[in-house]
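Chemist: need a structure here:
(one chain, ligands or ions: 1)
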Amino acid sequence: MRARLASLALFAAVLALPTGAPAQETTLRAVSAFVETGTYVKRFQPFMDKVQADGKGGLRINFIGGPKAMPPFEVGNAVKNGVVDMALVTGAFYTNVFPEADAWKLTERPMAELRRNGGFDHMQKLYNEKMGAHFLARMIDETPFHLYLNKPITGPDLTGLKVRITPVYRDFFQALGATVIQTAPGEVYTALERGVVDGYGWPIHGIFDLGWQEKTKYRVDPGFYSAEVSIIVNKRKWDSLTDEQRAVLTRAGEALEANYADVAKENAADAEKQKAAGIQVIRLEGEAAETWRKKAYEAGWAGVIKQSPEHGPKLKELFSKAP
Ligand code: 173
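Modeler: Predicted structure coming up:
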């Protein structure tokens, strides 16, 4: 009798388990192409927290680390091959596996609009097919890149200057006559210190993450393009998740993609901080500013279309400002 009662109690206890209890926990292994202590991982943290909270024990992100754990230019390949499940990274770092990713920098419409006009869906299909990846959310947008220098310029001419680049800036700076040298962010400080480069490309925010303000004299205005840092997921892993798990990630991604106001505030604060650090602004005006901007987009799109004659023109049509 007592055994019967005990088993009944156990039966009742099992019934009382919350019905939504996950059968097992899924852990996503994630890396960042940007430094662990910097502005991007700081913005990624609330995303991970939200996934953890909303996933109710069924979904966890195991953050492995940043460039110390994996070199930035290898992150795309690692997502493609499933060596990691998720990455915080920018398209310029994985043009080796998916050249079209670099076109995000050329968007002149907000992501919300691209998600309506077919531009996002077009890219998502390419991510799926060409990279075996699912594009979850764009964390950074509407943030200009700038050229930072230690030698002054007087117009849109970089002849004689050695400039650190990634694929983001290659076509533009070369079109203006610069000698370009590609490095990961982790090598910029030393390159500046040793005079291997006279300057570098980087967004308006984040130069303090690796101490570059100590080695930077000028910032050239205006900025150009729209910096992109996003969360991408290995597609096989994505497909293996439950609908509920995918919904948790999608919602957390949407929250992150909607954070413009925060990013704009941080950009303004960083520009102030640059001023306080003694970085002088070289402001191109009038026709010089117009040439600067025009060359940036012309050279940028020419580069994307050269890399991808098949998809570049369509991306240009969908990403560019409405005529
Ligand atoms: O390393 C870079 O300059 C770069 O390509 C990049 C892209 C997006 C955000 C920050 C840096």
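Chemist: Quickly list what the residue nearest to the spatial centre of the chain is bridged to.
Modeler: Geometric centre of the chain, nearest residue: V229, 1.2 Å, by Cα atoms, centre = their mean. For V229, the beta-bridge partners are I140 (DSSP bridges).
Chemist: Now do the contacts for the residue in the stretch 151-300 of the chain that the ligand sits nearest to.
Modeler: In the stretch 151-300 of the chain, the residue that lies nearest the ligand is T166 (3.6 Å; Cβ to the nearest ligand atom). Every C-beta, even on glycine, is put in place using the N, C-alpha and C of the backbone. The contact partners of T166, taken as Cβ atoms under 8 Å, 6 or more residues apart in numbering, are 92-93, 182, 201.
Chemist: Equivalent analysis for D141, please.
Modeler: Contacts of D141 (Cβ under 8 Å, 6+ apart): 107, 110-111, 226-228, 257, 260, 263.
Chemist: now those in TSV, with neighbour count?
Modeler: Shown next, in TSV, are the contacts of D141 (neighbours: other Cβ atoms under 10 Å):
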residue	neighbour count
T107	24
P110	15
M111	21
S226	22
A227	25
E228	24
E257	20
Y260	15
V263	19
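Chemist: Nearest to E193 among the residues you listed?
Modeler: Using Cβ to Cβ, A227 is the member of these that sits closest to E193, with 24.5 Å.
Chemist: In terms of helices and strands, where is the closest one?
Modeler: For A227, there is no host helix or strand (DSSP states H and E).
Chemist: How many residues are close by G91?
Modeler: When neighbours are defined as other Cβ atoms under 10 Å, G91 has 25 of them.
Chemist: Distance check, the residue nearest to it when sequence neighbours are not counted against the ligand.
Modeler: Nearest residue to G91, sequence neighbours excluded (Cβ to Cβ, 6 or more residues apart in numbering): A101, at 3.0 Å. Per Cβ to the nearest ligand atom, to the nearest Å, A101 is found 11 Å from the ligand.
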